[in-house]
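1. the following comprises the amino acid sequence and a computationally predicted model.
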Amino acid sequence: MIKVNFFLVFAVLFVFISCNNQRDYVPKPSTYLELNLPEKDAEPYTDKCGYTYLKPNYFNVKNVKGSACNRDVDLSSLNGTLHLSRIDVDTSLGVYINYAIDKVEEHKIMATAIYDSSFIRNDDQVYGTFFELQGNVASPFQFYLTDSTSRFLSGVVYFNTRPNYDSIRPTLDFLKDDIFQLMESLKWE
């Protein structure tokens, strides 16, 4: 019985001694992604499919195989692609607009918010809508532009990474300005 009490007293003393050892814990500092955003500069761009716009210097326009007027715009250091599709309107304009809206609706499940901005430039006959989808969506920006009679241009942005809205938000803010510039400067030829 004495051996058991000695062992019990030793175990209790060991626990108290080891618990009194105070350690100063230092939390890890916050870390941030290092973004290497390109310089803001733009030049006029003329597409053979009948439109022009101010193209940011980091937009690398490439033709899509098998399509005369579809373009993939490589966003270089932003690690994404802007898909542009130029379509000749051969039926009701509402069909094309509804299709563009349906493409936005496909992302509604993952979006936490969807904002739209209208573009109306009567002097240049440019009308359209820009959609910003917030949340962990595959395509955070979608838009369309039309002359309301014969031409329709749609654009969709995809990033080559798993959608994590909080992580790519600074990149989205940077790119949004340049897409607005594209939409505000577009002219039909």
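-> Cool, got the structure.

2. residue 41 touches residue 55, doesn't it?
-> No. Counting by Cβ atoms under 8 Å, residue 41 stays clear of residue 55, with 9.9 Å between them. For glycine as for every other residue, the C-beta is placed from the backbone atoms N, C-alpha and C.

3. what about those two, which has more around it?
-> residue 55 (21 against 10; other Cβ atoms under 10 Å).

4. host element of the more buried one?
-> Under the criterion of DSSP states H and E, residue 55 resides in strand 51-56.

5. what sits up against that strand?
-> 38, 40-46, 61, 86, 151, 153, 178, 181-182, 185-189 (Cβ atoms under 8 Å, 6 or more residues apart in numbering).

6. mark which of these are buried, thanks.
-> Buried subset of the contacts of strand 51-56 (neighbour count, 16 or more other Cβ atoms under 10 Å): 42, 45, 86, 151, 153, 178, 181-182, 185-187.

7. ok, now which ones touch residue 49?
-> By Cβ under 8 Å, 6+ apart, the neighbours of residue 49 are 68-69, 86.

8. pLDDT check: weakest of those residues?
-> Across the contacts of residue 49, the smallest pLDDT goes to residue 68, namely 90.

9. so who does that one touch?
-> Residue 68 sits next to residue 49 when contact means Cβ under 8 Å, 6+ apart.

10. at 10 Å instead, please
-> Residue 68 sits next to 48-49, 86 when contact means Cβ atoms under 10 Å, 6 or more residues apart in numbering.
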